[in-house]
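Peer 1: Let me see the structure of the following:
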Amino acid sequence: MKWMLPLVLLLAACGPNNATTTATSPTTPEQSAVASACLSEEQKAVVGQPFAQSRPVLPADVRIIPPNSLYTQEYKPQRVNVNVTEDYTITRVWCG
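Peer 2: Numbers count the residues shown, from 1 in each chain. Just a heads-up that it's a prediction; the model follows:
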């Protein structure tokens, strides 16, 4: 029984870390330039427009991200991502 306390303490130390991290949007001009490096000016201008109307301007392999959806977060600098609202209005266009 004397060995139980050290075992419990050891297991508690190995438990999950409750610290949270959040992804942030680019804040400096240099970071913003990198985040939009794969976009043309025409592609940057589609924010606020319906996705269907903007489809000809975007690449064929564009990744559409609806609200509250899950998506992988691996970084691919040439991939164009489009965040849309529930009615498919574009809210953000970004690279990665």
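
Peer 1: Need the nearest residue in space to Ala37, chain neighbours excluded.
Peer 2: Nearest residue to Ala37, sequence neighbours excluded (Cβ to Cβ, 6 or more residues apart in numbering): Cys95, at 5.9 Å. From N, CA and C alone the C-beta is placed, and that goes for glycine too.

Peer 1: Next up, the contacts around the one you found.
Peer 2: Counting by Cβ atoms under 8 Å, 6 or more residues apart in numbering, Cys95 touches Ala35, Ser36, Ala37, Cys38, Leu39, Pro77, Gln78, Arg79, Val80, Asn81.

Peer 1: What's the PyMOL line that selects buried ones from those?
Peer 2: The PyMOL selection below is limited to those of the contacts of Cys95 classed as buried (16 or more other Cβ atoms under 10 Å):
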select buried, resi 36+38+39+80+81
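
Peer 1: now, which of the contacts of Cys95 lie within strands?
Peer 2: Among the contacts of Cys95, the members falling in strands (DSSP state E) are Val80, Asn81.

Peer 1: CSV for the contacts of Cys95, including distance to Thr91 and pLDDT?
Peer 2: Output for the contacts of Cys95, formatted as CSV (distance: Cβ to Cβ, whole Å; pLDDT from 0 to 100):
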residue, distance to Thr91, pLDDT
Ala35, 15, 58
Ser36, 15, 66
Ala37, 20, 78
Cys38, 18, 89
Leu39, 15, 93
Pro77, 21, 92
Gln78, 21, 92
Arg79, 18, 94
Val80, 14, 95
Asn81, 11, 96
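
Peer 1: quick check, nearest of the contacts of Cys95 to Asn68?
Peer 2: Asn81 (15.5 Å; Cβ to Cβ).

Peer 1: for the closest one, which residues make a bridge with it?
Peer 2: Arg63, Trp94 (DSSP bridges).

Peer 1: and it, what does it touch?
Peer 2: By Cβ under 8 Å, 6+ apart, the residues touching Asn81 are Val62, Arg63, Ile65, Arg92, Val93, Trp94, Cys95, Gly96.

Peer 1: Could you identify which of these has the most neighbours?
Peer 2: Using other Cβ atoms under 10 Å as the neighbour criterion, Val93 leads the contacts of Asn81 with 21 neighbours.
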